[in-house]
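> below are the sequence and a predicted model for it; my questions follow.
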Amino acid sequence: MNLGQLIGLLVLGICLYILWQIREVLLLVFAAVVLATALNRLARRLQQSGLARGWSVTLSVGILLTVLIGFFWLIVPPFASEFRQLAELLPKAIDQLNPWIKQVQSNIPSQLAPYLVPQKPGGENTLSQQLQQQLQPFLSQLLGGAGAFVSNTLGGLLSFLLVLVLTLMMLAQPRPYRKVFVRLFPSFYRRRVEGILDECEVALGRWIIGALISMSVVAMLSLIGLSILRVRLALAQGILAGLLNLIPNIGPTLSVVLPMMIALLDGVWWKSVAVLILYFVIQQFESNFLTPYVMAQQVSLLPAITLMSQVFFATFFGFLGLILALPLTVVLKVWLTEVLIKDVLDLWHSDREAEFNAAGEAESQKVAQVDQNAPILPDKTPKTPDSLSDEPGNGE
(Lines give C-alpha, C1' and ligand atoms only; values in the text may rest on other atoms or scores of the structure.)
Protein backbone atom coordinates (compact mmCIF):
# COMPACT_ATOMS: atom_id res chain seq x y z
CA MET A 1 0.00 0.00 0.00
CA ASN A 2 1.53 3.28 -1.11
CA LEU A 3 1.24 6.66 0.59
CA GLY A 4 -1.72 7.82 -1.50
CA GLN A 5 -3.77 4.73 -0.67
CA LEU A 6 -2.91 5.08 3.00
CA ILE A 7 -4.03 8.72 3.03
CA GLY A 8 -7.25 7.77 1.22
CA LEU A 9 -7.98 5.02 3.76
CA LEU A 10 -7.33 7.43 6.62
CA VAL A 11 -9.66 10.06 5.12
CA LEU A 12 -12.34 7.40 4.63
CA GLY A 13 -12.06 6.35 8.27
CA ILE A 14 -12.30 9.97 9.45
CA CYS A 15 -15.38 10.56 7.29
CA LEU A 16 -17.10 7.42 8.63
CA TYR A 17 -16.32 8.51 12.19
CA ILE A 18 -17.80 11.97 11.58
CA LEU A 19 -20.92 10.45 10.02
CA TRP A 20 -21.33 8.16 13.02
CA GLN A 21 -21.06 11.08 15.42
CA ILE A 22 -23.75 13.07 13.60
CA ARG A 23 -26.02 10.07 12.96
CA GLU A 24 -28.89 11.59 14.95
CA VAL A 25 -28.77 14.76 12.84
CA LEU A 26 -28.73 12.65 9.67
CA LEU A 27 -31.80 10.76 10.92
CA LEU A 28 -33.59 14.06 11.52
CA VAL A 29 -32.70 15.15 7.98
CA PHE A 30 -34.06 11.86 6.66
CA ALA A 31 -37.27 12.36 8.65
CA ALA A 32 -37.60 15.78 7.02
CA VAL A 33 -37.08 14.16 3.60
CA VAL A 34 -39.86 11.63 4.30
CA LEU A 35 -42.25 14.35 5.47
CA ALA A 36 -41.35 16.57 2.51
CA THR A 37 -41.99 13.63 0.15
CA ALA A 38 -45.47 13.13 1.61
CA LEU A 39 -46.33 16.82 1.37
CA ASN A 40 -44.86 17.02 -2.13
CA ARG A 41 -47.13 14.20 -3.32
CA LEU A 42 -50.10 16.06 -1.83
CA ALA A 43 -48.98 19.29 -3.50
CA ARG A 44 -48.69 17.52 -6.87
CA ARG A 45 -52.22 16.18 -6.50
CA LEU A 46 -53.41 19.71 -5.81
CA GLN A 47 -51.45 20.98 -8.83
CA GLN A 48 -53.28 18.47 -11.03
CA SER A 49 -56.54 20.09 -9.97
CA GLY A 50 -55.36 23.44 -11.40
CA LEU A 51 -53.64 25.17 -8.46
CA ALA A 52 -50.26 26.82 -8.84
CA ARG A 53 -47.20 25.33 -7.17
CA GLY A 54 -47.00 28.03 -4.51
CA TRP A 55 -50.64 27.71 -3.52
CA SER A 56 -50.40 23.90 -3.55
CA VAL A 57 -47.42 23.94 -1.19
CA THR A 58 -49.10 26.48 1.10
CA LEU A 59 -52.29 24.43 1.23
CA SER A 60 -50.32 21.22 1.95
CA VAL A 61 -48.47 22.88 4.84
CA GLY A 62 -51.78 24.27 6.12
CA ILE A 63 -53.29 20.78 6.10
CA LEU A 64 -50.28 19.44 8.03
CA LEU A 65 -50.53 22.18 10.67
CA THR A 66 -54.29 21.65 10.97
CA VAL A 67 -53.78 17.94 11.56
CA LEU A 68 -51.14 18.60 14.23
CA ILE A 69 -53.24 21.21 16.04
CA GLY A 70 -56.34 19.02 15.84
CA PHE A 71 -54.39 16.08 17.24
CA PHE A 72 -53.22 18.00 20.29
CA TRP A 73 -56.65 19.54 20.76
CA LEU A 74 -58.34 16.12 20.69
CA ILE A 75 -55.75 14.24 22.74
CA VAL A 76 -54.08 16.45 25.34
CA PRO A 77 -56.97 18.21 27.22
CA PRO A 78 -59.25 15.15 27.59
CA PHE A 79 -56.44 12.87 28.71
CA ALA A 80 -55.18 15.48 31.18
CA SER A 81 -58.63 15.63 32.75
CA GLU A 82 -58.88 11.84 32.93
CA PHE A 83 -55.44 11.55 34.51
CA ARG A 84 -56.39 14.14 37.11
CA GLN A 85 -59.48 12.14 37.96
CA LEU A 86 -57.43 8.92 38.04
CA ALA A 87 -54.94 10.49 40.46
CA GLU A 88 -57.82 11.48 42.77
CA LEU A 89 -59.50 8.05 42.68
CA LEU A 90 -56.37 5.93 43.08
CA PRO A 91 -55.86 6.60 46.86
CA LYS A 92 -59.59 5.98 47.46
CA ALA A 93 -59.41 2.70 45.59
CA ILE A 94 -56.39 1.64 47.67
CA ASP A 95 -58.22 2.49 50.89
CA GLN A 96 -61.23 0.45 49.75
CA LEU A 97 -58.97 -2.58 49.50
CA ASN A 98 -58.00 -2.38 53.17
CA PRO A 99 -61.04 -4.41 54.48
CA TRP A 100 -60.33 -7.16 51.97
CA ILE A 101 -56.63 -7.16 52.89
CA LYS A 102 -57.50 -7.39 56.61
CA GLN A 103 -59.81 -10.32 55.90
CA VAL A 104 -57.05 -12.10 54.04
CA GLN A 105 -54.60 -11.35 56.86
CA SER A 106 -56.98 -12.82 59.42
CA ASN A 107 -57.03 -16.12 57.50
CA ILE A 108 -53.23 -16.37 57.35
CA PRO A 109 -51.72 -18.73 59.96
CA SER A 110 -50.00 -16.95 62.81
CA GLN A 111 -46.71 -18.70 62.01
CA LEU A 112 -46.60 -17.19 58.50
CA ALA A 113 -48.05 -13.78 59.29
CA PRO A 114 -44.74 -12.08 60.28
CA TYR A 115 -43.17 -13.15 56.99
CA LEU A 116 -46.07 -12.36 54.65
CA VAL A 117 -47.37 -9.18 56.32
CA PRO A 118 -44.56 -7.22 58.00
CA GLN A 119 -45.79 -4.71 60.58
CA LYS A 120 -44.31 -1.93 62.60
CA PRO A 121 -43.88 -2.44 66.32
CA GLY A 122 -46.34 0.36 67.07
CA GLY A 123 -49.36 -1.27 65.43
CA GLU A 124 -50.89 -2.41 62.17
CA ASN A 125 -49.97 -1.07 58.80
CA THR A 126 -52.73 -0.26 56.37
CA LEU A 127 -52.32 -1.04 52.71
CA SER A 128 -52.07 2.63 51.84
CA GLN A 129 -49.31 3.14 54.39
CA GLN A 130 -47.37 0.16 53.05
CA LEU A 131 -47.73 1.39 49.51
CA GLN A 132 -46.60 4.85 50.51
CA GLN A 133 -43.52 3.39 52.17
CA GLN A 134 -42.70 1.31 49.09
CA LEU A 135 -43.36 4.11 46.64
CA GLN A 136 -41.41 6.78 48.51
CA PRO A 137 -37.99 5.82 47.04
CA PHE A 138 -39.54 5.62 43.59
CA LEU A 139 -41.15 9.04 43.96
CA SER A 140 -37.88 10.53 45.18
CA GLN A 141 -36.07 9.10 42.18
CA LEU A 142 -38.83 10.35 39.89
CA LEU A 143 -38.62 13.87 41.29
CA GLY A 144 -34.84 13.76 41.04
CA GLY A 145 -35.14 12.89 37.35
CA ALA A 146 -37.64 15.66 36.63
CA GLY A 147 -34.86 17.88 35.31
CA ALA A 148 -33.73 15.19 32.88
CA PHE A 149 -37.35 14.67 31.77
CA VAL A 150 -37.80 18.39 31.09
CA SER A 151 -34.49 18.47 29.24
CA ASN A 152 -35.45 15.49 27.06
CA THR A 153 -38.85 17.04 26.37
CA LEU A 154 -37.28 20.32 25.25
CA GLY A 155 -34.79 18.39 23.12
CA GLY A 156 -37.65 16.50 21.47
CA LEU A 157 -39.52 19.74 20.74
CA LEU A 158 -36.41 21.32 19.24
CA SER A 159 -35.83 18.24 17.09
CA PHE A 160 -39.44 18.39 15.91
CA LEU A 161 -39.10 22.08 15.04
CA LEU A 162 -35.85 21.33 13.15
CA VAL A 163 -37.59 18.62 11.14
CA LEU A 164 -40.51 20.94 10.39
CA VAL A 165 -38.24 23.80 9.25
CA LEU A 166 -36.15 21.47 7.05
CA THR A 167 -39.33 20.06 5.58
CA LEU A 168 -40.60 23.51 4.64
CA MET A 169 -37.26 24.42 3.07
CA MET A 170 -37.08 21.24 1.01
CA LEU A 171 -40.71 21.52 0.00
CA ALA A 172 -40.36 25.12 -1.15
CA GLN A 173 -37.33 24.48 -3.40
CA PRO A 174 -36.58 20.75 -3.76
CA ARG A 175 -34.42 20.97 -6.90
CA PRO A 176 -31.36 22.76 -5.42
CA TYR A 177 -31.04 20.23 -2.60
CA ARG A 178 -31.39 17.39 -5.06
CA LYS A 179 -28.70 18.84 -7.33
CA VAL A 180 -26.28 19.17 -4.39
CA PHE A 181 -26.76 15.50 -3.56
CA VAL A 182 -26.37 14.39 -7.19
CA ARG A 183 -23.11 16.33 -7.57
CA LEU A 184 -21.53 14.13 -4.89
CA PHE A 185 -21.33 11.35 -7.50
CA PRO A 186 -19.07 11.12 -10.59
CA SER A 187 -20.31 12.93 -13.68
CA PHE A 188 -20.90 9.74 -15.68
CA TYR A 189 -23.21 8.39 -12.96
CA ARG A 190 -25.26 11.49 -12.14
CA ARG A 191 -28.03 10.78 -14.61
CA ARG A 192 -28.34 7.32 -13.13
CA VAL A 193 -28.54 8.81 -9.60
CA GLU A 194 -31.40 11.04 -10.78
CA GLY A 195 -33.32 7.93 -11.80
CA ILE A 196 -32.57 6.20 -8.50
CA LEU A 197 -33.83 9.23 -6.56
CA ASP A 198 -37.04 9.10 -8.59
CA GLU A 199 -37.40 5.42 -7.65
CA CYS A 200 -36.83 6.30 -3.97
CA GLU A 201 -39.51 8.99 -4.14
CA VAL A 202 -42.00 6.54 -5.64
CA ALA A 203 -41.14 3.87 -3.05
CA LEU A 204 -41.46 6.32 -0.14
CA GLY A 205 -44.79 7.50 -1.51
CA ARG A 206 -46.07 3.93 -1.63
CA TRP A 207 -44.85 3.29 1.91
CA ILE A 208 -46.62 6.43 3.14
CA ILE A 209 -49.87 5.26 1.51
CA GLY A 210 -49.49 1.82 3.09
CA ALA A 211 -48.77 3.32 6.50
CA LEU A 212 -51.81 5.59 6.25
CA ILE A 213 -54.01 2.62 5.33
CA SER A 214 -52.76 0.59 8.32
CA MET A 215 -53.13 3.55 10.70
CA SER A 216 -56.66 4.29 9.50
CA VAL A 217 -57.81 0.68 9.86
CA VAL A 218 -56.33 0.36 13.37
CA ALA A 219 -57.86 3.69 14.45
CA MET A 220 -61.27 2.69 13.09
CA LEU A 221 -61.22 -0.76 14.74
CA SER A 222 -60.12 0.76 18.06
CA LEU A 223 -62.85 3.41 17.88
CA ILE A 224 -65.55 0.83 17.13
CA GLY A 225 -64.38 -1.57 19.85
CA LEU A 226 -64.04 1.10 22.55
CA SER A 227 -67.43 2.53 21.62
CA ILE A 228 -69.03 -0.91 22.01
CA LEU A 229 -67.35 -1.31 25.42
CA ARG A 230 -68.50 2.23 26.34
CA VAL A 231 -65.02 3.41 27.26
CA ARG A 232 -64.69 7.16 27.53
CA LEU A 233 -62.71 9.19 24.96
CA ALA A 234 -63.13 6.48 22.33
CA LEU A 235 -62.40 8.87 19.45
CA ALA A 236 -59.23 10.29 21.00
CA GLN A 237 -57.97 6.84 21.98
CA GLY A 238 -58.69 5.47 18.52
CA ILE A 239 -56.71 8.29 16.89
CA LEU A 240 -53.86 7.76 19.34
CA ALA A 241 -53.83 4.01 18.61
CA GLY A 242 -53.63 4.71 14.88
CA LEU A 243 -50.73 7.14 15.30
CA LEU A 244 -48.83 4.86 17.66
CA ASN A 245 -49.19 2.11 15.07
CA LEU A 246 -46.57 4.04 13.09
CA ILE A 247 -44.01 2.84 15.68
CA PRO A 248 -43.47 -0.85 14.85
CA ASN A 249 -44.07 -3.46 17.57
CA ILE A 250 -43.77 -1.00 20.49
CA GLY A 251 -46.50 1.45 19.44
CA PRO A 252 -49.43 -1.04 19.58
CA THR A 253 -48.27 -2.17 23.03
CA LEU A 254 -48.14 1.40 24.35
CA SER A 255 -51.55 2.23 22.90
CA VAL A 256 -53.35 -0.21 25.23
CA VAL A 257 -52.12 1.40 28.47
CA LEU A 258 -54.29 4.54 28.39
CA PRO A 259 -57.58 2.80 27.49
CA MET A 260 -57.10 0.28 30.30
CA MET A 261 -56.39 3.03 32.84
CA ILE A 262 -59.42 5.05 31.74
CA ALA A 263 -61.60 1.91 31.81
CA LEU A 264 -60.63 1.46 35.47
CA LEU A 265 -62.33 4.77 36.29
CA ASP A 266 -65.72 3.18 35.69
CA GLY A 267 -65.13 0.81 38.61
CA VAL A 268 -65.74 -2.33 36.53
CA TRP A 269 -62.68 -4.56 36.42
CA TRP A 270 -63.85 -6.69 33.50
CA LYS A 271 -63.92 -3.62 31.23
CA SER A 272 -60.14 -3.24 31.48
CA VAL A 273 -59.70 -6.93 30.68
CA ALA A 274 -62.03 -6.54 27.68
CA VAL A 275 -59.97 -3.57 26.45
CA LEU A 276 -56.80 -5.65 26.74
CA ILE A 277 -58.38 -8.49 24.74
CA LEU A 278 -59.69 -6.02 22.14
CA TYR A 279 -56.29 -4.44 21.56
CA PHE A 280 -54.61 -7.85 21.49
CA VAL A 281 -56.95 -9.02 18.73
CA ILE A 282 -56.45 -5.77 16.79
CA GLN A 283 -52.66 -6.03 17.14
CA GLN A 284 -52.65 -9.64 15.94
CA PHE A 285 -54.80 -8.75 12.95
CA GLU A 286 -52.62 -5.76 12.11
CA SER A 287 -49.24 -7.49 12.50
CA ASN A 288 -50.13 -10.85 10.91
CA PHE A 289 -52.52 -9.87 8.13
CA LEU A 290 -52.98 -6.15 7.51
CA THR A 291 -49.44 -4.75 7.55
CA PRO A 292 -47.76 -7.69 5.72
CA TYR A 293 -50.39 -7.59 2.98
CA VAL A 294 -50.36 -3.80 2.59
CA MET A 295 -46.55 -3.51 2.64
CA ALA A 296 -46.18 -6.44 0.25
CA GLN A 297 -48.56 -4.71 -2.17
CA GLN A 298 -46.99 -1.26 -1.79
CA VAL A 299 -43.25 -1.75 -1.31
CA SER A 300 -42.71 -5.55 -1.56
CA LEU A 301 -41.03 -5.89 1.85
CA LEU A 302 -40.85 -9.38 3.33
CA PRO A 303 -42.04 -9.62 6.97
CA ALA A 304 -38.70 -11.08 8.12
CA ILE A 305 -36.78 -8.23 6.45
CA THR A 306 -39.09 -5.73 8.14
CA LEU A 307 -38.50 -7.23 11.59
CA MET A 308 -34.72 -7.48 11.14
CA SER A 309 -34.54 -3.88 9.95
CA GLN A 310 -36.42 -2.71 13.04
CA VAL A 311 -34.02 -4.57 15.34
CA PHE A 312 -30.97 -3.30 13.43
CA PHE A 313 -31.90 0.38 13.31
CA ALA A 314 -33.21 0.37 16.88
CA THR A 315 -29.93 -1.15 18.09
CA PHE A 316 -27.65 1.32 16.33
CA PHE A 317 -29.80 4.47 16.20
CA GLY A 318 -32.12 4.20 19.21
CA PHE A 319 -35.78 5.15 19.38
CA LEU A 320 -35.64 7.48 16.37
CA GLY A 321 -34.11 4.67 14.34
CA LEU A 322 -36.99 2.41 15.33
CA ILE A 323 -39.54 4.97 14.13
CA LEU A 324 -37.73 5.46 10.81
CA ALA A 325 -36.83 1.77 10.34
CA LEU A 326 -39.37 1.06 7.60
CA PRO A 327 -38.72 4.14 5.41
CA LEU A 328 -34.96 3.61 5.82
CA THR A 329 -35.40 -0.01 4.72
CA VAL A 330 -37.47 1.05 1.72
CA VAL A 331 -34.82 3.53 0.55
CA LEU A 332 -31.98 1.09 1.26
CA LYS A 333 -33.78 -1.60 -0.75
CA VAL A 334 -34.05 0.72 -3.76
CA TRP A 335 -30.35 1.65 -3.65
CA LEU A 336 -29.20 -1.95 -3.22
CA THR A 337 -31.44 -3.12 -6.06
CA GLU A 338 -30.47 -0.38 -8.49
CA VAL A 339 -26.77 0.05 -7.69
CA LEU A 340 -25.47 -3.24 -6.35
CA ILE A 341 -27.64 -5.70 -8.26
CA LYS A 342 -28.45 -3.98 -11.55
CA ASP A 343 -25.35 -1.82 -12.04
CA VAL A 344 -22.72 -4.19 -10.59
CA LEU A 345 -23.76 -7.81 -10.32
CA ASP A 346 -25.95 -7.99 -13.44
CA LEU A 347 -23.35 -6.27 -15.62
CA TRP A 348 -20.54 -8.38 -14.20
CA HIS A 349 -22.54 -11.51 -15.01
CA SER A 350 -23.30 -10.35 -18.55
CA ASP A 351 -19.61 -9.75 -19.33
CA ARG A 352 -18.66 -13.33 -18.50
CA GLU A 353 -21.89 -14.92 -19.62
CA ALA A 354 -20.43 -16.06 -22.96
CA GLU A 355 -17.46 -17.70 -21.23
CA PHE A 356 -19.65 -19.57 -18.75
CA ASN A 357 -22.10 -20.59 -21.48
CA ALA A 358 -19.28 -21.91 -23.67
CA ALA A 359 -17.81 -23.91 -20.80
CA GLY A 360 -21.25 -25.29 -19.95
CA GLU A 361 -21.97 -26.29 -23.56
CA ALA A 362 -18.58 -28.05 -23.87
CA GLU A 363 -19.22 -29.99 -20.68
CA SER A 364 -22.72 -30.94 -21.85
CA GLN A 365 -21.39 -32.16 -25.24
CA LYS A 366 -18.69 -34.21 -23.52
CA VAL A 367 -21.22 -35.91 -21.25
CA ALA A 368 -23.55 -36.53 -24.19
CA GLN A 369 -20.71 -38.10 -26.22
CA VAL A 370 -19.82 -40.43 -23.37
CA ASP A 371 -23.46 -41.46 -22.97
CA GLN A 372 -23.76 -42.07 -26.72
CA ASN A 373 -20.67 -44.32 -26.93
CA ALA A 374 -21.62 -46.32 -23.89
CA PRO A 375 -23.44 -49.60 -24.78
CA ILE A 376 -26.93 -50.12 -23.50
CA LEU A 377 -26.15 -53.73 -22.44
CA PRO A 378 -22.58 -55.04 -22.09
CA ASP A 379 -21.49 -57.78 -24.52
CA LYS A 380 -19.77 -59.80 -21.86
CA THR A 381 -20.83 -59.86 -18.32
CA PRO A 382 -18.27 -60.53 -15.63
CA LYS A 383 -18.38 -64.09 -14.50
CA THR A 384 -18.80 -64.89 -10.85
CA PRO A 385 -17.84 -68.13 -9.11
CA ASP A 386 -21.50 -69.17 -9.05
CA SER A 387 -21.87 -68.65 -12.81
CA LEU A 388 -18.70 -70.62 -13.48
CA SER A 389 -20.00 -73.55 -11.44
CA ASP A 390 -23.18 -73.61 -13.50
CA GLU A 391 -21.33 -74.02 -16.86
CA PRO A 392 -21.22 -77.50 -18.49
CA GLY A 393 -18.23 -79.54 -17.55
CA ASN A 394 -17.71 -77.86 -14.26
CA GLY A 395 -20.00 -80.06 -12.30
CA GLU A 396 -18.86 -82.66 -9.87
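Received it, and whenever you're ready, just let me know what you need.
> please count neighbours and contacts with C-alpha atoms only from this point.
Noted.
> show me what the helix or strand where residue 25 lies is packed up against.
Using DSSP states H and E, residue 25 sits in helix 23-48. In this structure, helix 23-48 packs against helix 53-96, helix 146-172, helix 190-228, helix 303-323, with contacts taken as 3 or more CA pairs under 8 Å, 6 or more residues apart in numbering; DSSP states H and E.
> how about these in a markdown table, adding mean neighbour count?
Shown next, in a markdown table, are the helices and strands packed on helix 23-48 (neighbours: other CA atoms under 10 Å):
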| stretch | mean neighbour count |
| --- | --- |
| helix 53-96 | 14 |
| helix 146-172 | 15 |
| helix 190-228 | 19 |
| helix 303-323 | 16 |
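> quick one: mean pLDDT for the helix holding residue 25?
The pLDDT scores in helix 23-48 average 87.
> circling back: can I get the helices and strands packed on helix 23-48 in CSV including mean pLDDT and distance to residue 180?
Output for these, formatted as CSV (pLDDT from 0 to 100; distance: least, CA to CA, whole Å):
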stretch, mean pLDDT, distance to residue 180
helix 53-96, 76, 22
helix 146-172, 77, 12
helix 190-228, 88, 11
helix 303-323, 82, 25
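> out of those helices, flag the one nearest residue 35.
With CA to CA as the measure, helix 146-172 is the member of the helices and strands packed on helix 23-48 nearest residue 35 (6.4 Å).
> could you check the angle helix 23-48 makes with that closest one?
40 degrees (axes from the mean of the first three to the mean of the last three CA atoms, to 10 degrees).
> toward the C-terminus, what is the element adjacent to helix 146-172?
Assigned by DSSP H and E, the successor of helix 146-172 is helix 174-182.
> residue 17 sits in which helix or strand?
Using DSSP H and E, residue 17 falls in helix 3-21.
> residue 300 - that's part of a strand, no?
No - counting by DSSP: H, G, I helix; E, B strand; the rest coil, residue 300 is not part of a strand but coil.
> dump the residue contacts of it.
By CA atoms under 8 Å, 6 or more residues apart in numbering, residue 300 lies in contact with nothing.
> tell me how far it lies from residue 291.
Note on residue 300: its distance to residue 291, by CA to CA, to the nearest Å, is 11 Å.
> I figured residue 335 hits residue 196, correct?
Yes - counting by CA atoms under 8 Å, residue 335 touches residue 196, with 7.0 Å between them.
> rewinding a little: could you give the angle of the helix holding residue 17 to helix 303-323?
Using the same axes, to 10 degrees: helix 3-21 against helix 303-323 is 70 degrees.
> for helix 3-21, packing partners?
Checking 3+ CA pairs under 8 Å, 6+ apart, helix 3-21 ends up next to no helix or strand.
> let's see that with 10 Å instead.
When contacts are defined as 3 or more CA pairs under 10 Å, 6 or more residues apart in numbering; DSSP states H and E, helix 3-21 sits against helix 23-48.
> ok and the helix it packs on relative to helix 190-228, angle-wise?
90 degrees.
> and the angle from the helix or strand hosting residue 270 to helix 190-228?
Assigned by DSSP H and E, residue 270 belongs to helix 269-285. Using the same axes, to 10 degrees, the inter-axis angle of helix 269-285 relative to helix 190-228 is 150 degrees.
> so which bits of helix 269-285 are buried?
Across helix 269-285, burial judged by 16 or more other CA atoms under 10 Å covers 271, 272, 274, 275, 276, 278, 279, 282, 283.
> what's the mean pLDDT across it?
Average pLDDT, helix 269-285: 86.
> next, the residue nearest to residue 211 when sequence neighbours are not counted: phi, psi?
Excluding the flanking residues, the one nearest residue 211 by CA to CA, 6 or more residues apart in numbering is residue 246, at 7.0 Å. Dihedral pair for residue 246: phi -70, psi -20, per degrees, to the nearest 10.
> for residue 246, what are its contacts?
Neighbour list for residue 246: 211, 212, 214, 215, 252, 322, 323, 324, 326 [criterion: CA atoms under 10 Å, 6 or more residues apart in numbering].
> for the last one, give me its contacts.
When contacts are counted by CA under 10 Å, 6+ apart, residue 326 touches 204, 207, 211, 246-248, 295, 301, 305-307, 309-310, 313, 332.
> same check, this time on the fourth one
Taking CA under 10 Å, 6+ apart as the definition of contact, the neighbours of residue 215 are 209, 238, 239, 240, 241, 242, 243, 244, 245, 246, 286, 291.
> before we move on, what about the fifth one?
Contact partners of residue 252, counting by CA under 10 Å, 6+ apart, are 218, 240-246, 279-280, 282-284, 286-287.
> among these, which one lies nearest to residue 38?
For these, the closest approach to residue 38 (CA to CA) belongs to residue 246, at 14.7 Å.
> could the contacts of residue 246 be laid out in a markdown table, adding distance to residue 3?
Formatted as a markdown table, those follow (distance: CA to CA, whole Å):
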| residue | distance to residue 3 |
| --- | --- |
| 211 | 50 |
| 212 | 53 |
| 214 | 55 |
| 215 | 55 |
| 252 | 55 |
| 322 | 41 |
| 323 | 43 |
| 324 | 40 |
| 326 | 42 |
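> if we can go back for a sec, just send the buried residues of helix 269-285 back as a markdown table, with distance to residue 171 too.
Formatted as a markdown table, the buried residues of helix 269-285 follow (distance: CA to CA, whole Å):
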| residue | distance to residue 171 |
| --- | --- |
| 271 | 46 |
| 272 | 45 |
| 274 | 45 |
| 275 | 41 |
| 276 | 41 |
| 278 | 40 |
| 279 | 37 |
| 282 | 36 |
| 283 | 35 |
